[in-house]
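**Student:** Compute the structure for the input listed below.
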Amino acid sequence: MYGKMTFSGRKLGIWMTAATLSLGAALAVAQEQRAPDDALSGWLGKEFTVQSSPLNDHMPTGGKLTFVFDGEENVVRVCTRSTDKQINPWTMDFATPCGVTMSFTKGTRYCSIDDVKTGNAEVLASCHRLRSRDIAMHPSKVKGTVELNDMVAFLIKGENDKPGMSILVDSPARVTEGGTIIIF
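**Tutor:** Down below sits the predicted model:
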């Protein structure tokens, strides 16, 4: 009987060791740094300027943005910088260095500015894009509350394949407000 217990104990010990090693390997793989998708990589690390913005209190014309990939969390961080030519200062979540994160959705193509302005949902669904939900972009009109917005940035190739973006900001009611923000 003692021999059987020892044998069972060894069997259990070997099984537990194998299970622990497998779990450790799975966690190590899960925590590995990811690389950005090739469709997105041309937009990362470059500084963009807000060219036009009908929502200057959300994203001010003249402001600078850099998109940085965080492989550990598999997100893109939006880092802002103020300039002398900027109409308004960055506020709320954009005032925090690299405080806004976006997730990348790979489409089948890059959109044009006209695609975004037209707003055809079927066309936009096929485009490479970044999205963030619940961003505080500007002070709420109602005192003591925070207005959260969704932001979708469509990757655009401009003249000579120059990377740019067209950004839509959705209101809390999920109705697109005031047009599109263009950055190059």
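
**Student:** Mind listing the residues bridging to the spatially most central residue of the chain?
**Tutor:** Central residue of the chain (C-alpha atoms, centre = their mean): M102, 1.3 Å from the mean position. Beta bridges link M102 to V76, judged by DSSP bridges.

**Student:** Identify the residues contacting it.
**Tutor:** The neighbours of M102, taking C-beta atoms under 8 Å, 6 or more residues apart in numbering as the test, are 67, 75-78, 130-132, 151, 153. Heads up, the C-betas are built off the backbone N, CA and C, glycines and all.

**Student:** Among those residues, which lie within strands?
**Tutor:** 67, 75-78, 130-132, 151, 153 (DSSP state E).

**Student:** Please convert those to CSV, extending it with pLDDT, distance to R109 and neighbour count.
**Tutor:** Shown next, in CSV, are the ones in strands among the contacts of M102 (pLDDT from 0 to 100; distance: C-beta to C-beta, whole Å; neighbours: other C-beta atoms under 10 Å):
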residue, pLDDT, distance to R109, neighbour count
F67, 95, 19, 25
V75, 95, 23, 18
V76, 96, 19, 22
R77, 95, 25, 17
V78, 93, 23, 22
L130, 94, 15, 22
R131, 94, 17, 16
S132, 91, 22, 18
M151, 87, 21, 22
A153, 91, 15, 26
